[in-house]
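*Asks:* Need a 3D model of the following:
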Amino acid sequence: MAERASFLHRLAAKATPSREEVLESRWLKPFGRRIRHSELWRFTRRSVPRGVFAGLFIGIFLMIPGLQIVGAALLCMPLRGNVPIAAAMTFLSNPATTPFFLAASIYVGNRFGFHADIATFDALLSRGASLGDWMAWLLSDAAPAMITGLFVISLVVAFVGWALSIVVWRWWVGAKWRRRTRPELFRHHS
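*Replies:* So this is what the prediction gives:
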C-alpha cells in the first residue's frame, strides 16, 4: 500500500508544475499576493474538489496549451480551489484527447440547434489542414456549435470530477483513520 501511495505521489509531483513555475507566469504576476495565498496551495477536503472542478472545466473549455494552467489558477482564486490540483487536471485535454473533445463538442453543439458540419471537421483533421482552412471553418457555423458544446462538456466533466474527488477524498481519509485506529489489520506478516 505504501509503495502504491509513493508511486502516485511521484507521478503527481512529476505531472504537476511546481508552485514557483505557476507563479512565474507573466499572466499571474498581476495577481501578486492574492494568487500566492497559502489557502490556494493547501490540500483540504474543500480545496481539492474545487481545484478538480476548475482544472477540468478550464482544461476542456479553453483548449489553448499554456493558458489552461493560468486559467485554472485564476478560476481557483474565487472558488478557493487548490491550484496544483487544478493545474494537473488541465492535462486531461492533451493532443490525444483533443480531437475527441472537439468532435464531441460539435455533436453536442449541433444538438442545441447549431449547424456545424462534422464531415468537414473530419476531412480537415485527416488531411492536416492549414491554420487558414481551420479558421475559415471556424468562422462558419462551426464556432458557435463548438463553443457551446465545449462549454456543456466541460461543465459536465467538471461536475463529475468534483463529485468523484469528494468520494475519493472521503475514502482516502477513512482508510487513513482505519489504519490509525486498527494498525494490526494493515501490518505485513512475513
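
*Asks:* Can you tell me the SS state at R42?
*Replies:* coil (DSSP: H, G, I helix; E, B strand; the rest coil).

*Asks:* for the one 3 residues further on, same thing?
*Replies:* Under the three-state scheme (three-state DSSP), R45 adopts coil.

*Asks:* show me what contacts it?
*Replies:* I166, W169, R170, V173 (Cβ atoms under 8 Å, 6 or more residues apart in numbering). Bear in mind the C-beta positions are built from the backbone N, C-alpha and C, glycine included.

*Asks:* Over to the residue nearest to the last one when sequence neighbours are not counted: give its phi and psi.
*Replies:* Across the structure, with Cβ to Cβ, 6 or more residues apart in numbering as the measure, the residue nearest V173 apart from its sequence neighbours is R45 (7.3 Å). Dihedral angles of R45 (phi, psi; degrees, to the nearest 10) stand at phi -70, psi -20.

*Asks:* Begin at 18, not 1, for the rest of this chat.
*Replies:* Fine by me, first position is 18 from now on; the one you just mentioned is R62.

*Asks:* how near is R62 to L181?
*Replies:* Per Cβ to Cβ, to the nearest Å, R62 is found 14 Å from L181.

*Asks:* With F168 instead?
*Replies:* From F168 to L181 the distance is 20 Å (Cβ to Cβ).

*Asks:* between these two, which one's more packed in?
*Replies:* Ranked by neighbour count (other Cβ atoms under 10 Å), F168 and L181 place F168 first, with 17 against 12.

*Asks:* which residue ranges form the helices in this protein?
*Replies:* Under the criterion DSSP state H, helices of the chain are mapped to 19-32, 36-40, 49-53, 64-79, 84-96, 100-106, 115-128, 135-144, 148-154, 160-198.
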